[in-house]
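S.K.: Please find the sequence and the predicted model below.
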Amino acid sequence: MRLLLALAATFALATAVQAQDLTVTIAGRDSVVLGPKDLAALPRAKATITVKGASVTYEGVRLDAVLAQAGVVHGERLMGRYLNQVVIARSADGFFSVLSLAETDPVYRANPVVVADTVNGHKLDAREGPYRLVVDGDLRPSRAPRQVVSIEVKPAF
């Protein structure tokens, strides 16, 4: 019985760790899985949105840095045919949010888009985390999916 409990605990721990991985898929290429250590090495930013009339500040990794880590064209090279790309952030419950690739890049946008892991200085709870996509300055949290597990980049057409 103890062995069975130990195996169940090990499985639960492994599942919890895997739940913190973020899969980034670029159309026509292999997926990249970024774990917490990979994300911790990337540049961070803050993003503030309005939730139920209150200003809420999230902090996390800049989405453009996550996409660059996965090999997505960014910065000054983001032009022409790359501008027809969309970024889809998918939640564990199936909800998703769509942004144009240009909306995620600081060359085209002053405010950051963040893959947040904290809110108002505290780690995201299980209802929101481990990651939430936050578009700084949005007046409504409609493009801020909770429990983000994957990000996909593909042509809009």
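M.R.: Thanks, I have the structure now.

S.K.: Show me the shaky parts of this protein.
M.R.: 1-19 (pLDDT under 70).

S.K.: For the residue nearest the centre of it, name its beta-bridge partners.
M.R.: Centroid-nearest residue in the chain, with Cα atoms, centre = their mean: V115, separated by 3.7 Å. V115 has these beta-bridge partners by DSSP bridges: V61, L133.

S.K.: Tell me who's in contact with it.
M.R.: L22, L39, G60, V61, R62, L63, V66, Y131, R132, L133, V148, I151 (Cβ atoms under 8 Å, 6 or more residues apart in numbering). From N, CA and C alone the C-beta is placed, and that goes for glycine too.

S.K.: what about the helices in the protein?
M.R.: 2-18, 36-40, 63-69 (DSSP state H).

S.K.: how many neighbours does P106 have?
M.R.: When counting by other Cβ atoms under 10 Å, one arrives at 15 neighbours for P106.

S.K.: Ok, T104 next?
M.R.: That count, for T104 with other Cβ under 10 Å as the rule, works out to 28.

S.K.: Same check on T23?
M.R.: 15.

S.K.: Let me see the contact set for it.
M.R.: Contact analysis of T23 by Cβ under 8 Å, 6+ apart lists S31, V32, V33, L34, V149, S150, I151.

S.K.: re the thing from before, out of the contacts of V115, which is nearest to G121?
M.R.: Proximity of the contacts of V115 to G121 (Cβ to Cβ) peaks at G60, which lies at 12.3 Å.

S.K.: Was I right to think that closest one contacts T118?
M.R.: Yes. G60 is within contact range of T118, at 6.7 Å (criterion: Cβ atoms under 8 Å).

S.K.: Mind checking which of the two has more residues around it?
M.R.: Using other Cβ under 10 Å, the more surrounded residue of G60 and T118 is G60, with 27 against 17.

S.K.: residues in contact with G137?
M.R.: Counting by Cβ under 8 Å, 6+ apart, G137 touches A47, T48, I49, N111.
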